[in-house]
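Build me a model:
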Amino acid sequence: MLKILIVDDEILVRIGIKSSIDWDEQGFQYVGDAADGEKAFELIKRTVPDIVLTDILMPNMNGLELIEKIKQCYPLIKIIVLSSHNDYEYVRNAMKLGVEDYILKTSMKPSELLTILKETAKKIALSREGLINKYAEPVQDDSRKAALIRLLLEEPLNDHRLKQVADSLQWKNRNHHYLLLLKIHHYDVDKMDQASEYTFMNLAIGYMNKWMDGHILRYKENEYMVIMSSGDEDVNKTENELFILGEDTIVAVKRFLNLSISIGFSNSFGHLSGMKTAYEQAEGSLRRGSYRNEVQKLIDYMQIHYNENISLKRAAEYVNMSEGYLSYVFKKETKKNFIEFITQIRIDKAVEYLRNTDLPSYIIAEKVGYVNINYFGRIFKKVMGMNPSQYRQQFK
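Numbering: from 1, shown residues only. Now for the predicted structure:
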């Protein structure tokens with residue numbers, strides 16, 4: 001399914017477009033909407049949509065600025081402009097930037113929008129087909145490799161097409177392959193110039209190439225994909241080596257570039273068709289982190305029972321440890337104490353409710369484990385820097 005994102009500062013326009021089409025039935029996935037270009041680009045970094053429908057005149061970052069940024073960072077995303085009658089000059093500039101089409105909001109009918117979306121979907125299918133044919137020969141350029149790998153992860157390919165891509169990437173099925181995701185934290189990617197990105201990529205792959213062959217590609221705004229290959233049949237030994245390499249890389253990147261990164265690991269896979277599963281495994285590994293078994297078991301428990309009264313005593317009993325030792329180990333592994341961690345989980349869940357539902361704050365407070373609405377408000381403001389009502393207002 002092709003992913004759709006809508007950007008417009010008028011909430012009624014966003015709601016109207018979202019509700020006017022049965023997205024699943026028409027072969028699309030609605031991944032979200034935003035009220036301005038800044039929020040939209042944050043959402044784009046997380047979801048990487050195939051098609052963006054965007055207004056032009058918006059606060060913070062306008063549509064033209066958003067289009068330029070998308071074209072620079074995500075050139076494969078197709079853009080359709082949502083235009084008003086008096087936007088002619090802006091639309092003309094947008095067309096110069098390479099948008100696919102535009103549609104008038106004031107007279108837009110669902111059938112017309114669907115026609116434009118389906119025409120754009122055909123263009124995407126043709127461009128992906130052309131991408132494979134264009135790179136029928138072995139490719140060395142990283143941007144071309146990244147385009148082919150993105151195609152593998154996002155589009156089902158038949159055996160013939162898989163073989164073409166495998167030949168282009170010079171893929172050796174007999175080897176054991178591993179997919180690693182390197183994610184940069186606490187860092188504004190816009191401030192990362194080409195020189196520092198080049199240094200980061202070379203430093204990371206330099207450490208990993210100590211023991212096995214690898215290639216690094218930028219996949220998302222702050223996410224890099226490393227594909228490692230090994231001819232060693234001892235998978236356990238290789239996976240242990242990979243983990244050590246990952247730890248060395250984290251330390252080196254922090255020491256030399258002052259960047260904090262996390263690394264997610266996949267299991268071994270051979271055939272190129274296994275790359276999508278490997279990516280999902282590495283993503284899951286990133287989300288879970290590399291904690292000792294007792295800590296991970298407790299985190300999994302907290303993710304499910306966050307709305308209950310989970311005390312340190314109850315947690316210690318659950319993982320069969322003393323309260324004092326659990327408190328020490330948990331802080332050492334997660335860099336947060338027990339209360340801070342469960343609070344972050346609860347506030348993250350509250351944020352989801354505030355963004356995606358119309359539930360009042362007192363109901364949300366109960367759902368995430370707070371009986372006292374005033375206490376919930378104080379904790380939310382301490383973590384997020386604003387109260388729940390102010391946070392929700394941003395998305396209206």
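
which residues does the closest residue in space to Asp8 that isn't next to it in sequence form a beta bridge with?
Across the structure, with CB to CB, 6 or more residues apart in numbering as the measure, the residue nearest Asp8 apart from its sequence neighbours is Asp55 (4.2 Å). Any C-beta I mention is one placed from the backbone N, CA and C, and that applies to glycine too. Partner residues in beta bridges with Asp55, using DSSP bridges, are Leu82.

now the strands for the stretch 151-300 of the chain?
Taking DSSP state E, counting those that start in this stretch to define them, one finds strands in the stretch 151-300 of the chain at 176-185, 213-220, 223-230, 260-265.

Let's have the ones you listed in CSV, adding distance to Gly284 and mean pLDDT.
Supplementary listing: the strands of the stretch 151-300 of the chain in CSV, determined by distance: least, CB to CB, whole Å; pLDDT from 0 to 100:
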stretch, distance to Gly284, mean pLDDT
strand 176-185, 10, 85
strand 213-220, 16, 76
strand 223-230, 14, 85
strand 260-265, 7, 84
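
Let's have those in a markdown table, adding distance to Glu112.
Conversion of the strands of the stretch 151-300 of the chain to a markdown table gives the following (distance: least, CB to CB, whole Å):
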| stretch | distance to Glu112 |
| --- | --- |
| strand 176-185 | 40 |
| strand 213-220 | 32 |
| strand 223-230 | 36 |
| strand 260-265 | 42 |
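
Let's have those in TSV, adding distance to Phe41 and mean neighbour count.
Supplementary listing: those in TSV, determined by distance: least, CB to CB, whole Å; neighbours: other CB atoms under 10 Å:
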stretch	distance to Phe41	mean neighbour count
strand 176-185	16	22
strand 213-220	12	19
strand 223-230	15	21
strand 260-265	22	20
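
Out of those, the one nearest Val81 is which?
Using CB to CB as the measure, strand 213-220 is the one of the strands of the stretch 151-300 of the chain that comes nearest Val81, at 24.4 Å.

Give me the neighbour count for Glu323.
The burial count assigned to Glu323 is 15, neighbours taken as other CB atoms under 10 Å.

Check whether it really touches Glu317, as I assumed.
No. The pair Glu323 and Glu317 fails to qualify as a contact (CB atoms under 8 Å) at a distance of 9.0 Å.

Going by neighbour count, which residues in stretch 146-164 are buried?
Judged by neighbour count using 16 or more other CB atoms under 10 Å, the buried positions of stretch 146-164 are 146-153, 155, 157, 161-162, 164.

Now do it: distance to the chain's middle.
The chain centroid and the centroid of stretch 146-164 are separated by 20 Å, computed with CA atoms, centre = their mean, to the nearest Å.

Quick one: mean pLDDT for that stretch?
Taken as a whole, stretch 146-164 has an average pLDDT of 73.
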